[in-house]
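S.K.: Provided below are the primary sequence and the corresponding predicted coordinates.
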Amino acid sequence: MLRHEPLKDAWAEQRLFNNRIFWAFTGLLLLTGLLISRLINLQVVEHQRYADLSHGNRIRIQPLAPTRGIIFDRNGIVMAENLPAYQMVLIPEQVSDLDGTLDRLSELKLIDEQQRQRFFRRKRGKRSFEAVPLRYRLNDEELARLSVHRHELPGVDIQAALVRSYPLGSTAVHVLGYVGALSESDLQRVETSRYAATSHIGKIGIEGQYEDRLHGQPGHRQLLVNAQGREMDARGEAREELLRNRQEPVPGSDLILSLDSHLQAVAEAALAGRRGTVVVIDVNNGDILALVSQPSFDPNRFSAGGMSNEEYLALQNDIDKPLFNRALSGTYPPGSIVKPFIALAGLEYRAVTPDHSIFCEGYYSIPGNEHRYRDWKKEGHGEINLHAAITESCDVFFYMLAMELGIDRIHAMLADFGFGQPTGVDLPGEKSGLLPSRDWKRGAFDRRSERIWFPGETVITGIGQGYMLVTPLQLTHFTATLATRGKRFKPRLVTAFRDPLSGQITEIPPQELAPVELADDRYWDDIHRAMGAVMNTPRGTGWAVALGAGYKMAGKSGSAQVFSVGQDEEYDEEEIDERLRDHALFVAFAPMENPQIAISVLVENGGSGGRAAGPVVRRVFDAWFEEHRQ
Amino acid sequence: MIFSEAEQFRPNRALSFAGRLLRKLCIDGPMLIALLLLAGAGLFVLYSAGGQQVDLVLRQLLRIGVALAALLVVAQIPPKYLRMWSPWLYLAGMLMLILVLVTGASGKGAQRWLDLGLFRFQPAEIMKLAVPMMAAWVLHSRRLPPDARDLLKLLVIIMLPTILIATQPDLGTALLICASGILLVMLAGLSVRFILLAGGLAMGALPVLWHFMLDYQKQRVLTFLNPETDPLGSGYHIIQSKIAIGSGGVFGKGWLNGSQAHLEFLPERSTDFIFAVLGEEFGLLGLLSMLIAYLFVVSRGLYIAVNGQDTYCRLLAGSISLTFFIYVFVNVGMVTGLLPVVGIPLPLVSYGGTSMVTLMVGFGMLMSFQSHRKLLPT
């Protein structure tokens, strides 16, 4: 074979080249096969997974807030509802000069400095195309002002939203409570997914207690979004799919309260301008007909989200404590109100008979002790029996009776009525009051010398002073038990749930508690008679209250000491500081023959129970019996 | 073998009008049809990917027109002249590369472009063709397979522009230019043992390379290997692209219905990731059709290479065809997550200018080789 180094062997080169092209083509086919297998893997084998991912990419689930349940009173009058309100919102991406826009809104007096700060807080974490609320509720005048200047304020928009509204204003605010903006601490308490679309939550009162029922279940809708999360228009099949997957929210349950809003308003008006409480209960089922705590406030300020910190602080720091629900959370010495209960204990334990009388000389001393426990009537009541002792509210009689009974038996009887225990009403914040006993005292004090129960403490317990404390709600509850001769019902506010869609009402049966049982039922008659005499005889402390009423009532006045008077001092209402005056108390039930309702009235620093609290009892009873003639 | 194909050279009168026209214009019919199909399909996908802007499609159409004109012009030039101009083009390209490097040093970030007043272009684009042309020119007069001296010369010819372009920095283009040169040398008959040895050495060097890589470079490789670890950073492209293709399934979501593209989840959807848009809207069938079209173009190019009249034509045609395939493979590999994201557009389909002209000029050369053949080798 010839070898010509410099010469090209065209044939060999062509063969070599063809060979290389063949291998290159083979490699190329292999690589193409690799690509195709990759495509098959992505588009056939794992198609479903990627389809789901693609779906998840573009579909965002937007929760839909449920409509909050409506609260009705016993007569179907709306006490809390949802009204459309105009919100002012700002869409940051549409605003070129944010500070300028906010300045202009301030100039127009549509926002204040606080709302401005709050806006920046709300804006955090939102996307620039999401509307940020500036104001939750604009009034008509503000709405008009904004509309006129809208053209100068691009990016500022008006949106309609449902806002919780209390049409009766401050009426029954301590029962209803209010809703307020969902806070961080609220979010830790509730199931976050249920509140994804909700801006407000029930804070206190019925709104707080029945939050779970009122809130409802959120629904959701699906949105088509782009990579930035902005909502896009869906068309055709995609649109139908979105609509198909929409789930409507389930509105919260409506509540029907035992409250009579008219009676409530009357009671509030009767107490207007004073600090105190009125609690009215239907004695035959425990329904609370009215529950007043004065002073009060307008709950609409909370739900509208427009309350400034100053306003809230002003409410909270008000010396009269308008936010405080005195009827449930306020505890007071029961004063003379406790006398019928002590009398019942006396009868039950045979410490006294209805006819037994003692001599009242204006004070009582424990044998062997100098200390004088005074009667409110300085000169004394003279010869007096149980009936008259209740009617005239003789203190000495009950000092003696308490000593006769001893603290243990007093405790036993009052515990049966529920003293010292919460009534179990369906409102948050109820206090249990205090029913003192030897046991309690052993546990309540640190100093050994204070852990012993002293006889003197028994003495003053007989007239409802000392350690004993009750809430106004308890007072009405106990009075109702007297009225029903021992039958007890748990006080309640919600009597039925109403399905807002079907209108179907589910009644809740009244809950009976363990009754107070006496050895002899005639003891009840004795007490009824005595409490009737309080109202219906001229010697009774409530004579002026019941004078001329078209129905017969039974009651008991009382006053609770705020400030203890020294041994030799005179208690003079005129001279004492208003806030150190006694609290005026009055409890009553009516009609006597067939009791329907029971009431307790407390007027803080009102002085005499008959004079300050009695007229409120009369006005409330009159209003009730005007409507409920027998 | 060469003579057996002579029957293809039928006399003019035996051809249809279209055939005669193509013959007159020195155009290879099958390849032109495949190129037009790809570019045309690309316009449809671009219309969808670009958010249905007619404007965008028109601009791309204009580019295609310019590129086709360039193809037509180049196809007329006899291979002899192309060969003769090769070293001058290479030199001119190298000069411009150096010029870009010098002038670009001042204006940071814009070191790829050369501003000639009327228009700007990337000298790297010239080198895409100039490097294989130069290599083919060198080997044309040599005996094949090349000896060590030739190989050394070729190494310099290939690596010089590669390094210059890599420092621009445009690593993707640099690697492709390097690949086009190496492919040419391999076609020229580089010994198989040498190829295997180099390949083995490269594999062996990988762990060593890893050891010397900077942290961010390692991170980039890791992201490629497992994009889910960095779903919002560099992994985002790959994840969204795979979602687009995978969710397309066999039949696709339909033209203009790709949610990944239209809702802007897919990045670079008109340019580097346009293949994913096609996959989402036309499914596996659409992608396979496109791959087959590409494969046809490459096969036709290799056929032209095999039929090449001299070493220069054969080597250059083979290199251009295989490099074209590498473009497609790298882009599809990147979009489907097989290869790291390197920023190589899908040839003929991705939106963009200069590379389209370069590609068409390359195909023009292939057509020139095919149409200027004489029956017998000289």
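M.R.: Sure thing, it's come through. Just so it is clear, the structure is predicted and the values come from calculations on it, not from any experiment. Numbering: from 1, shown residues only, chains lettered A, B, ... in the order given.
S.K.: and the gap between residue B:46 and residue A:170?
M.R.: 67 Å (Cβ to Cβ, to the nearest Å). Glycine gets a C-beta too; all of them are placed from N, C-alpha and C.
S.K.: The two: who's more crowded?
M.R.: residue B:46 (25 against 18; other Cβ atoms under 10 Å in any protein chain shown).
S.K.: number of nearby residues for residue 155?
M.R.: Went with chain A since none was named. 16.
S.K.: should've been chain B
M.R.: There are 13 residues near residue B:155, going by other Cβ under 10 Å.
S.K.: Just say helix, strand or coil for residue A:593.
M.R.: coil (DSSP: H, G, I helix; E, B strand; the rest coil).
S.K.: Skipping adjacent residues, who's closest to it in space?
M.R.: residue A:552 (6.8 Å; Cβ to Cβ, 6 or more residues apart in numbering or on different chains).
S.K.: so how far is chain B from that neighbour?
M.R.: 79 Å (Cβ to the nearest Cβ, to the nearest Å).
S.K.: what are the phi and psi angles of residue A:101?
M.R.: Backbone torsions of residue A:101, given as degrees, to the nearest 10, read phi -60, psi -40.
S.K.: mind listing what the residue nearest to it when sequence neighbours are not counted touches?
M.R.: Once flanking residues are discounted, residue A:101 sits nearest to residue A:95: 5.2 Å by Cβ to Cβ, 6+ apart. For residue A:95, the contacting residues are A:101, A:154-156, by Cβ atoms under 8 Å, 6 or more residues apart in numbering or on different chains.
S.K.: Can you tell me which of these has the largest number of neighbours?
M.R.: residue A:156 (22 neighbours).
S.K.: For residue A:87, see how far away that residue is.
M.R.: Going from residue A:156 to residue A:87 by Cβ to Cβ gives 11 Å.
S.K.: where are the low-confidence patches of the chain?
M.R.: All of this refers to chain A. Along chain A, the parts satisfying pLDDT under 70 run over A:1-7, A:303-308, A:563-576, A:630.
S.K.: try chain B instead
M.R.: Ranges of chain B meeting pLDDT under 70: B:1-14, B:104-120, B:212-214, B:216-217, B:220-221, B:223-234, B:353-354, B:375-378.
S.K.: Helices of that one, residue ranges please.
M.R.: In chain B, the helices defined using DSSP state H lie at B:17-24, B:29-49, B:54-76, B:79-104, B:123-140, B:148-166, B:171-187, B:192-212, B:215-225, B:235-248, B:259-262, B:274-306, B:311-335, B:354-371.
S.K.: looking at this, the residue nearest to residue A:593 is in a strand?
M.R.: No - counting by three-state DSSP, residue A:552 falls outside a strand, being coil.
S.K.: Run a quick neighbour tally on the closest residue to residue A:159 other than its chain neighbours.
M.R.: Take residue A:159 and drop its neighbours on the chain: the residue closest to it by Cβ to Cβ, 6+ apart is residue A:87, 4.7 Å away. A count of nearby residues for residue A:87, using other Cβ under 10 Å, gives 20.
S.K.: Return the backbone torsion pair for residue A:87.
M.R.: phi -100, psi 150.
S.K.: close enough to count as contact, it and residue A:138?
M.R.: Yes - with contact defined as Cβ atoms under 8 Å, residue A:87 and residue A:138 form a contacting pair (7.4 Å).
S.K.: which residues do those two both contact?
M.R.: Common neighbours of residue A:87 and residue A:138 (Cβ under 8 Å, 6+ apart) are residue A:158.
S.K.: Can you get me a residue count around the residue nearest to residue B:236 when sequence neighbours are not counted?
M.R.: Of all residues beyond its chain neighbours, the one nearest residue B:236 is residue B:267 (7.0 Å), with distances taken as Cβ to Cβ, 6+ apart. If you count neighbours by other Cβ under 10 Å, residue B:267 ends up with 15.
S.K.: Closest residue of the stretch 501-630 of chain A to chain B?
M.R.: Per Cβ to the nearest Cβ, residue A:501 is where the stretch 501-630 of chain A lies closest to chain B, at 35.9 Å.
S.K.: Now that residue: closest residue in space, sequence neighbours ignored.
M.R.: Nearest to residue A:501 is residue A:251, by Cβ to Cβ, 6+ apart, at 6.9 Å.
S.K.: so who does that neighbour touch?
M.R.: Residue A:251 neighbours (Cβ under 8 Å, 6+ apart): A:66-69, A:216, A:500-501.
S.K.: Right, I'll call it a day here.
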